[in-house]
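*Asks:* Would you be able to build a 3D model of this:
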Amino acid sequence: MRITKYAHSCLLIEIDKARIITDPGIWNQVPNADNVSAVLITHEHQDHCDLEQLNSIITRNPGVRVITHEAVGVKLAEANISHEVIDNGEGIDVMGVSIESLGTEHAAIYGDVSPCRNTGYLIGEELFVPGDALHDIPLKPVRVLALPCGGPWMRLSEAIDYAKSVKPEIVFPIHDAVYKEEYRSDLIPRIVGGNLESAGIKFLDMAPGAMHEF
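*Replies:* Residues are numbered from 1 along each chain as shown. This is a model prediction of the structure:
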């Protein structure tokens, strides 16, 4: 499995012949990928679902499948973007790669009210991308976890504890465009990475533009 991190939560995941993009949003460059099989969208916020970027991907990749849940589907339907709906607990196949949906609620920013619906995706039974939530634990083993590390709805301690609960072999950071790069490149590896490494979980710091074979 090869993963390219465009920035923030936007990834290109390559498994065998499948090429899957997650969460193209306003805080990353427009993904410049061809032969994209599918786009997965965790929730409707613009840093995860930017319609201009999505249309750009579709124009560049005719026939690409856009997969999300019902709430984002309403937004896409209003923009005349064809899509497929996957519900919590359901699975779908993308060129032989399994995609499983997990979760329904975005993390609360204040109080007990979630700002919108959110779903995470277990991709190829090895990579989990949780979107904006740190409360959904996959029932299957997770080899690689894309770990949110910055946002108004979370503390770093919650990210660390969540990763320990999921118990992946390896973690890399996402949802980190809220930081200046000089701060991100010091804070995340030192605090998140240091605590996870001491717990026996490998931490890989992927900066925007990084690509890695897992």
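
*Asks:* where along this structure do the strands fall?
*Replies:* Secondary structure of the chain (DSSP state E): strands at 2-7, 10-15, 18-22, 38-40, 65-68, 84-85, 91-94, 97-102, 120-123, 127-129, 144-148, 170-174, 202-203, 211-213.

*Asks:* who's in contact with the fifth one?
*Replies:* Yep, that's strand 65-68 we're talking about. The contact list for strand 65-68 (C-beta atoms under 8 Å, 6 or more residues apart in numbering) reads 37-42, 49, 54, 58, 76, 81-86, 92, 94, 99, 119. From N, CA and C alone the C-beta is placed, and that goes for glycine too.

*Asks:* Please apply the same query to the third one.
*Replies:* With C-beta under 8 Å, 6+ apart as the test, strand 18-22 has contacts from 9-14, 31, 33, 35-42, 57, 94-97, 99, 121, 123-124, 129.

*Asks:* Just the buried ones among the contacts of strand 65-68, please.
*Replies:* In terms of neighbour count (16 or more other C-beta atoms under 10 Å), the buried residues within those are 37-42, 49, 54, 58, 76, 81, 83, 86, 92, 94, 99, 119.

*Asks:* roughly how far out does the lowest-mean-pLDDT helix or strand in the chain sit from the chain middle?
*Replies:* Ranked by mean pLDDT, DSSP states H and E, the weakest helix or strand in the chain is helix 181-187, scoring a mean of 95. How far helix 181-187 lies from its chain's middle: 20 Å, per C-alpha atoms, centre = their mean, to the nearest Å.

*Asks:* residues of that helix that come out buried?
*Replies:* By neighbour count on 16+ other C-beta under 10 Å, the buried set for helix 181-187 is 184, 187.

*Asks:* got a pLDDT number for the residue nearest to the spatial centre of the chain?
*Replies:* Centrality entry for the chain: nearest residue to the mean C-alpha point is residue 129, 4.0 Å, by C-alpha atoms, centre = their mean. With respect to pLDDT, residue 129 has a value of 98.

*Asks:* got a list of what the residue nearest to residue 126 when sequence neighbours are not counted touches?
*Replies:* Nearest non-adjacent residue to residue 126, counting by C-beta to C-beta, 6 or more residues apart in numbering: residue 143, 4.1 Å away. By C-beta under 8 Å, 6+ apart, residue 143 lies in contact with 126-127, 168-170, 214.

*Asks:* Which of those residues ranks first by neighbour count?
*Replies:* Per-residue neighbour counts (other C-beta atoms under 10 Å) across those peak at residue 127, which has 25 neighbours.

*Asks:* For that one, which residues count as its bridge partners?
*Replies:* residue 123, residue 144 (DSSP bridges).

*Asks:* isn't it right up against residue 146?
*Replies:* Yes - assessed by C-beta atoms under 8 Å, residue 127 is found in contact with residue 146 at 6.8 Å.

*Asks:* residues shared between the contacts of those two?
*Replies:* Common neighbours of residue 127 and residue 146, using C-beta under 8 Å, 6+ apart, do not exist here.

*Asks:* Give me the distance between the residue lying farthest from the centre of the chain and residue 210.
*Replies:* Within the chain, the residue lying farthest from the chain centre (C-alpha atoms, centre = their mean) is residue 198, at 24.7 Å. Going from residue 198 to residue 210 by C-beta to C-beta, to the nearest Å gives 23 Å.
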